[in-house]
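Colleague: What would the 3D arrangement of this be:
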Amino acid sequence: MLSARSLFREIHDDDEAFQLFCSIAAKGEDQGGWENGRISALVRDPELAPKIARHGADEDKHGRIFKALLHQRGLEEVPVPDDTDYTMSLERQGIGLSHARLCRAEELTEHDVIAYLAHSRVTEQRAAEQMRLLKRIFGGHPGVGRAIRMISADEDNHLAFCHEELLRLAAAGHGRLIRDLLEHTARAEIRTYRDVSLAVMSRMGRILRWPRPKTAVLTAGIHTAYAYELAAGRLRMVTLAMPERRNALGGPAPLAAEFG
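Modeller: So this is what the prediction gives:
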């Protein structure tokens with residue numbers, strides 16, 4: 001029977017599939033670390049900047065963790081195919097702040113900050129959900145459980161940070177802009193997640209020699225999820241609620257020395 005648990009365990013147990021999975025994850029985290037680091041340097045708000053820097057430090061840490069998980073199995077990173085690169089695919093669609101903008105030594109405008117937070121609100125929703133799923137599957141695993149639990153907790157903090165900051169800006173009169181950016185970003189993210197999921201599944205299928213009926217079922221499942229998210233599921237990405245944990249990124253980033 002096909003299930004998320006059986007699929008992820010199959011990927012985990014095969015060196016080549018695990019290598020690709022961790023390489024894709026590490027590249028995405030490294031990209032997020034760089035972006036947040038640049039944004040923190042360009043933000044004029046003295047209270048917001050260190051929180052964004054903490055966000056970037058967490059992402060850098062996650063990248064190191066995924067690389068350490070590879071090294072523990074004697075594996076190295078492999079090149080990430082363009083069609084499996086979630087972060088760059090979103091940038092090519094104009095979602096978030098571009099590399100060109102972040103490379104300019106110009107302070108970010110309030111609109112730029114809101115665009116960054118809307119992008120993060122949507123993508124961190126996805127990241128938090130994925131890590132909660134992996135925590136349910138691997139949370140007690142002796143090899144990867146500790147790493148998964150740590151990353152999952154960080155992603156929950158990142159999501160809480162986005163909610164709180166966007167609500168603060170909405171109260172300051174930016175509610176309409178925030179709603180429009182969240183809606184636009186969510187639609188693009190859902191489409192991108194579908195395309196990247198199909199690309200990753202195709203490569204995993206070749207590595208793991210999945211039979212055609214299995215691939216067909218998984219393909220249909222991805223398209224069904226896409227249709228649901230576009231119709232109703234995106235609401236979880238565009239609504240805002242004050243998080244239980246306030247000021248989630250208000251302190252220094254915890255170290256992850258045990259993961260290298």
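
Colleague: Please count neighbours and contacts with C-alpha atoms only from this point.
Modeller: Fine.

Colleague: Show me the shaky parts of the protein.
Modeller: 1, 252-260 (pLDDT under 70).

Colleague: For it, which segments count as helices?
Modeller: If DSSP state H is used as the criterion, the helices of the chain fall at 4-13, 15-42, 48-72, 86-92, 99-103, 110-138, 145-169, 175-208, 212-228, 235-238.

Colleague: Just tell me which of those ends up closest to Arg245.
Modeller: helix 145-169 (6.9 Å; CA to CA).

Colleague: any idea how far Lys135 is from the residue nearest the centre of the chain?
Modeller: Nearest to the mean C-alpha position of the chain, by CA atoms, centre = their mean, lies Ala127 at 3.9 Å. The spacing between Ala127 and Lys135, counted by CA to CA, to the nearest Å, is 12 Å.

Colleague: Next: Met242.
Modeller: Note on Met242: its distance to Lys135, by CA to CA, is 24 Å.

Colleague: Count the residues that sit near the nearest residue to the residue nearest to the centre of the chain once chain neighbours are set aside.
Modeller: What sits nearest to Ala127 in space, not counting adjacent residues and going by CA to CA, 6 or more residues apart in numbering, is Glu155, at 6.5 Å. Counted with other CA atoms under 10 Å, the neighbours of Glu155 add up to 24.

Colleague: OK, contacts around Glu155?
Modeller: Glu124, Ala127, Ala128, Met131 (CA atoms under 8 Å, 6 or more residues apart in numbering).

Colleague: same thing but at 10 Å, please
Modeller: Glu155 sits next to 55, 58-59, 62, 124-132, 161 when contact means CA atoms under 10 Å, 6 or more residues apart in numbering.

Colleague: Also Ala25?
Modeller: Ala25 neighbours (CA under 10 Å, 6+ apart): Gln19, Gln31, His62, Gly63, Ile65, Phe66, Lys67, Val80, Asp85, Tyr86.

Colleague: got a list of what the third one touches?
Modeller: The contact partners of His62, by CA under 10 Å, 6+ apart, come to 25-30, 32-33, 56, 68, 147-148, 150-152, 154-155, 256, 259.

Colleague: If we use 7 Å, what do you get?
Modeller: Residues in contact with His62 (CA atoms under 7 Å, 6 or more residues apart in numbering) are Glu29, Ile151.

Colleague: Over to Val43?
Modeller: Ala49, Glu107, Leu108.

Colleague: measure the residue nearest to the first one when sequence neighbours are not counted to Phe161 for me?
Modeller: By that I understand Ala49. Using CA to CA, 6+ apart and skipping the chain neighbours, the partner closest in space to Ala49 is Ser40 (4.6 Å). As judged by CA to CA, Ser40 and Phe161 stand 14 Å apart.

Colleague: neighbour-wise, which of the two wins?
Modeller: Taking other CA under 10 Å, Ser40 and Phe161 do not tie; Phe161 has more neighbours (27 against 22).

Colleague: And that one, how far from Leu42?
Modeller: 18 Å.
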